[in-house]
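Student: The sequence isn't on hand, but the structure is:
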């Protein structure tokens, strides 16, 4: 009877050890799957981040071009106002209305530029 207890004791001990190893292997498999998924998502994130960076660069270029056009328009209006005064002609109200649009536009482009710089500084470089 003592021998039988010893045999069963050893068998159950080995079964417990095998079950423990199976659990460990299952956990390792789960970890591998999660790590593969995480690495794949990191690649997706990096790709999306690059796209966002490119779009912000495009937005910055468009904002700069808009600002340049506004600046050139302001220069033309200033020259027109000077010439109108020289010859004693009233400046058309439409032209004076453009000055407010230009002023607002310049303010907007500055705000956009600041926002773009701030957003770009917050995006991880991947």
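Tutor: Done, it's in. On a predicted model such as this, the values are computed, not experimentally measured, just so you know.
Student: Share the number of residues neighbouring residue 39, please.
Tutor: 9 (other CB atoms under 10 Å). Bear in mind the C-beta positions are built from the backbone N, C-alpha and C, glycine included.
Student: typo on my end, it should be residue 121
Tutor: Residue 121 is flanked by 7 other residues according to other CB under 10 Å.
Student: Sticking with it, tell me its helix or strand.
Tutor: helix 93-122 (DSSP states H and E).
Student: Can you list the buried residues in that helix?
Tutor: Neighbour-count burial for helix 93-122 flags 98, 102, 105, 109, 112, 116 (criterion: 16 or more other CB atoms under 10 Å).
Student: list the contacts for the nearest residue to the third one once chain neighbours are set aside?
Tutor: The reference is to residue 105. Nearest residue to residue 105 in three dimensions, chain neighbours excluded: residue 70, at 4.7 Å (CB to CB, 6 or more residues apart in numbering). The neighbours of residue 70, taking CB atoms under 8 Å, 6 or more residues apart in numbering as the test, are 102, 105, 106, 109.
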